[in-house]
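Asker: Compute the structure for the input listed below.
(one chain, ligands or ions: 3)
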Amino acid sequence: MIQASLGSTLTQEQTKGSASSPVLQVRNLTKRFGDGCTFCEKEELEENYCPRCGSVLACSNVSFDLDKGEILGVVGESGSGKSTMVKSLYFDQQVTSGSATIANYKQGMANIFTESAQQQRYIRNYVMGMVYQNPHLGLKMDYSSSGNVAEKLIAAGHFHVGNIRERSAELLEKVEIPVSRMDELPRRFSGGMQQRVQISKALANNPPLLLLDEVTTGLDLSVQAKVLDLIRSIQRELQVAMVVVSHDLGVIRMLADRTMVMKQGKVVEQGLTDQILEDPQHPYTQLLVHSLL
Ligand SMILES: Nc1ncnc2c1ncn2[C@@H]1O[C@H](COP(=O)(O)OP(=O)(O)OP(=O)(O)O)[C@@H](O)[C@H]1O
Ligand SMILES: [Mg+2]
Ligand SMILES: [Zn+2]
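Answerer: Numbering: from 1, shown residues only. Ligands and ions are numbered 1, 2, ... in the order given. All right, here's what the predicted structure looks like:
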C-alpha cells in the first residue's frame, strides 16, 4: 500500500489532532447568494429570501461539533441549505462569514475558510473526502473509474503507476466495484455504482473526515440498503467521522449518532438521533418524525 503525505506543505506536528477536541468545529457558517442589503444584513429574515434585494441566505449561523468517528446526520426540506453547507466546508463556494476548524489540521487552530487556496487544496486532498449529491460534480464521467480514484492519489503526491493502480483496485473493491470493471467509464455505471465510485475516491487518502450529500437519494431501496451498509462498515472499520446529509429521516435514523435539523438555512434543532426521534421539539421536526411513522 502507498504511504500518504508526499508533497505536503505541512509538518507531521501540524497535522496531528489533539485527542479530545472534536474533529470538526463549525461556528456561525453563513452563506448568502447575492449582494445583500442593509435590511437582510441586520434584520432576522422570516424565510431564507430577502424581500428587498432578492438575496438568498442559504445558510444562516450554522454551528455544530463533530467528534472523532462520529456520524452527524443533517436533515431538512429541499432548499434548507444542506448542500450549501457541505459545499462550503469543501471550499466549492466561499462562505459569507463564519469559521470551521479541523483537529487534524494545524491542531484545530486555523479557520479553514480563511486559509490560502493552496492550503485548502491540501485539506481537500488529505483531510476531507466529499461525496456529492450529483455524481457529475464528484466524478469525471469520461475518465475510467480507476482513473477517477487515481486522480485523488496523484493530487496527494503519488506517482508510481503500479502502486496507484493497486491502491485504486483495493479502494474500488472495498465498495464492491469488481476489479474487472475498474477501467470502465462511470457514465456506464448505474447511479448506485457511481455513488460507490465517489465513496472510494473520497476515501483514497484516508481522510479523518467525510462529507456525504444525499448519497442514497434516487437509488432503489435494495441498492440504498447496500450503500448504507457500506457507509456503516466504513465508519466501523476506519473510524472516519462523517457528516451525512439527507432529506430522508429514515436514512438518518439508520446512520447518525447525532442529528441536526435545518429549515430555511437555519439549524432549528440538534441532539442525539434517538432523542430527536422520540421527542422532537420543533414543529418541523415533529412533522418529519410523524411522517416517518
Ligand atoms: N449557486 C447558487 N446560486 C444561487 N442560489 C443558490 C445556489 N446554490 C444554492 N442556492 C440556493 O440556496 C438555497 C439552499 O440550497 P441547497 O442546495 O443548499 O438546499 P438543499 O437543502 O441541499 O436542498 P435539496 O434537499 O433539494 O438538495 C436554495 O434556495 C437555493 O436556491
Ligand atoms: Mg442538496
Ligand atoms: Zn437584502
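Asker: The residue nearest the centre of the chain: what's it in contact with?
Answerer: Taking CA atoms, centre = their mean, the centroid of the chain lies closest to residue 211, which sits 1.4 Å from it. By CB atoms under 8 Å, 6 or more residues apart in numbering, the residues touching residue 211 are 86, 89, 90, 128, 129, 130, 131, 242, 243, 245. In short, each C-beta sits where N, CA and C put it, glycine included.
Asker: swap in residue 245?
Answerer: Applying CB under 8 Å, 6+ apart, the residues near residue 245 are 73, 74, 75, 82, 83, 85, 86, 133, 211, 212, 213, 214.
Asker: Would you mind giving both backbone torsions of it?
Answerer: Phi and psi for residue 245, reported as degrees, to the nearest 10, are phi -100, psi 130.
Asker: what's the answer for residue 157, then?
Answerer: phi 90, psi 20.
Asker: pLDDT wise, what is it at?
Answerer: Residue-level confidence at residue 157 comes out at 89, pLDDT.
Asker: Tell me, how many residues neighbour it?
Answerer: 15 (other CB atoms under 10 Å).
Asker: ok, residue 142 touching residue 184?
Answerer: No. At 11.3 Å, residue 142 and residue 184 do not qualify as touching, with contact defined as CB atoms under 8 Å.
Asker: more crowded one of these two?
Answerer: Set residue 142 next to residue 184 and count neighbours by other CB under 10 Å: residue 184 wins out with 16 against 9.
Asker: before we move on, what SS does that one have?
Answerer: coil (DSSP: H, G, I helix; E, B strand; the rest coil).
Asker: what sits against it?
Answerer: Taking CB under 8 Å, 6+ apart, one finds 144, 145 in contact with residue 184.
Asker: OK, contacts around residue 240?
Answerer: 69, 129, 203, 207, 208, 209, 210, 234.
Asker: With respect to ligand 3, which of the residues you listed is nearest?
Answerer: Looking at these and their distance to ligand 3, the nearest is residue 209, at 33.4 Å (CB to the ion).
Asker: Now name the helix or strand holding the residue nearest to the centre of the chain.
Answerer: Using DSSP states H and E, residue 211 sits within strand 209-213.
Asker: Residues in contact with the lengthiest helix in the chain: which ones?
Answerer: If you go by DSSP state H, the chain has its longest helix at helix 221-238. Applying CB under 8 Å, 6+ apart, the contact partners of helix 221-238 are 69, 71, 174-176, 190-192, 195-196, 199, 203, 206, 210, 212, 215-216, 219, 240, 242, 244, 251, 254-255.
Asker: Kindly report the same for stretch 57-65.
Answerer: 22, 24-33, 40, 45, 48-50, 72, 81, 84-85, 88, 95, 98, 260, 262, 264-267, 270.
Asker: give me that answer again for 6 Å
Answerer: For stretch 57-65, the external contacting residues (CB atoms under 6 Å, 6 or more residues apart in numbering) are 22, 25-33, 45, 48, 81, 84-85, 260, 265-267.
Asker: tell me the mean pLDDT over that stretch?
Answerer: Mean predicted confidence for stretch 57-65 is 97.
Asker: likewise stretch 211-219?
Answerer: 89.
Asker: Go through it and flag the buried ones.
Answerer: 211, 212, 213, 214, 215, 216, 217, 219 (16 or more other CB atoms under 10 Å).
Asker: Which of these sits closest to residue 137?
Answerer: residue 213 (9.2 Å; CB to CB).
Asker: residue contacts, the residue lying closest to the closest one once chain neighbours are set aside?
Answerer: Using CB to CB, 6 or more residues apart in numbering and skipping the chain neighbours, the partner closest in space to residue 213 is residue 133 (4.2 Å). Counting by CB under 6 Å, 6+ apart, residue 133 touches 83, 213, 214.
Asker: just checking, which of the contacts of residue 211 belong to helices?
Answerer: Those of those lying in helices (DSSP H): 86, 89.
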